[in-house]
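In: please find the sequence and the predicted model below.
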Protein chains: 2
Amino acid sequence: MDGKVINLKSKMETYKAISGGGNIANCPVREVIQGVSGKWRSLLMMALAERPYRFGELRRLVPDISQRMLTQTLYDLQRDGYVHREVFPTKPPSVEYSLTDLGRSMFGAFHQLILWAELNHDAVRAARADFDAAQA
Amino acid sequence: MDGKVINLKSKMETYKAISGGGNIANCPVREVIQGVSGKWRSLLMMALAERPYRFGELRRLVPDISQRMLTQTLYDLQRDGYVHREVFPTKPPSVEYSLTDLGRSMFGAFHQLILWAELNHDAVRAARADFDAAQA
DNA sequence: TAGTGCTGGTCTCTTTCTGAGACTACCACT
DNA sequence: AGTGGTAGTCTCAGAAAGAGACCAGCACTA
């Protein structure tokens, strides 16, 4: 067999396979997944899943986020309906961010990934170390 | 009560709460999550979960990825141990990418999020539309 | 009464990352 | 001899992210 060369014919087949199973290039799923995929979005979701936080609290909690990114990421999360923003007219007006029902729902699914990461992060690190060693 | 002002004292408390429940600023979990979080990484994982693919197939399957990003993302996934790269010494050497056991394991957890996205993408889109309308 | 610090931001500048497209080198088929 | 398919690499422009200054208002303190 030199049947290793699978050209042309498989184009539509593979596309269909993906479309049926996981939805790839066109689809809303991709949009949602990428909406969760930001560097800070998952982190803030994790924080807010714990309890509501105020802006400054979040800034201290995630020390290496810039104010600019915190503002923007919270705005994006709010826009996507994951986070609720409430302004309290206290002396210096304070702003509290909390998860919406949609946010909690999404976090439920996301949580699986967090659990996996907790169990397997050393495997990933090991793989990375091996790979880097092999390259050197 | 003007007990809305929670300063200083709560710093360590919040940090501990997060550390216990979800691990935030320091931790390996964050590293792993962000490793999955790239724009293309999840997409390629979805593709490869279906079956192994060759470079050109992936390029056609995900039409809006550039070759540069495809090369690099596959390299990163390989480095993290999610993807196996095998070169076949055919006439023009072809390269096949497939999920490793670690990759399949991770994808199992990630799949939850995909399912959620399939069910709820319209809710997200609705939230976004509402929000944009309210801003205007 | 002026100084300091807290509130939640915005604005600008720099660096880093991403994306598009040209280019390589080899081989098969026409 | 030319065309197209293999898997990439290289370069350059544009977009995104990060660092840090700045703002306005109020409370507490010296």
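Out: In hand now; what should we look at?
In: model confidence score at residue A:93, please.
Out: The model reports residue A:93 with a pLDDT of 83.
In: show me what from chain A comes close to DNA strand D.
Out: A:7, A:38-40, A:64-69, A:72, A:91-92 (C-beta under 7 Å from any atom of the strand). (C-beta placed from N, C-alpha, C; glycine too.)
In: possible to save those residues as CSV with secondary structure and neighbour count?
Out: Shown next, in CSV, are the residues of chain A next to DNA strand D (DSSP: H, G, I helix; E, B strand; the rest coil; neighbours: other C-beta atoms under 10 Å in any protein chain shown):
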residue, secondary structure, neighbour count
A:7, coil, 10
A:38, coil, 19
A:39, coil, 14
A:40, coil, 22
A:64, coil, 8
A:65, coil, 18
A:66, coil, 10
A:67, helix, 10
A:68, helix, 8
A:69, helix, 15
A:72, helix, 13
A:91, coil, 9
A:92, coil, 6
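In: and chain B, which of these contact it?
Out: Restricting those to those adjacent to chain B (criterion: C-beta under 8 Å from any C-beta of the partner chain) gives A:38-39, A:64, A:91.
In: tell me which of those is nearest to residue B:123?
Out: residue A:38 (19.0 Å; C-beta to C-beta).
In: poorly predicted segments of chain A, please.
Out: Filtered on pLDDT under 70, chain A yields the residue ranges A:1-26, A:136.
In: quick one, helices of it?
Out: Under the criterion DSSP state H, chain A contains helices at A:10-21, A:28-36, A:41-50, A:55-61, A:67-79, A:101-135.
In: just those helices: most buried one?
Out: The highest mean neighbour count among these, using mean count of other C-beta atoms under 10 Å in any protein chain shown, belongs to helix A:41-50: a mean of 22.
In: that one near chain B at all?
Out: Yes - using C-beta under 8 Å from any C-beta, helix A:41-50 reaches chain B at A:42-43, A:46-47, A:49-50.
In: ok, the residues you listed vs chain B, which is closest?
Out: Within the residues of helix A:41-50 next to chain B, proximity to chain B (C-beta to the nearest C-beta) peaks at residue A:46, which comes in at 4.3 Å.
In: what's the burial count for residue A:51?
Out: When neighbours are defined as other C-beta atoms under 10 Å in any protein chain shown, residue A:51 has 13 of them.
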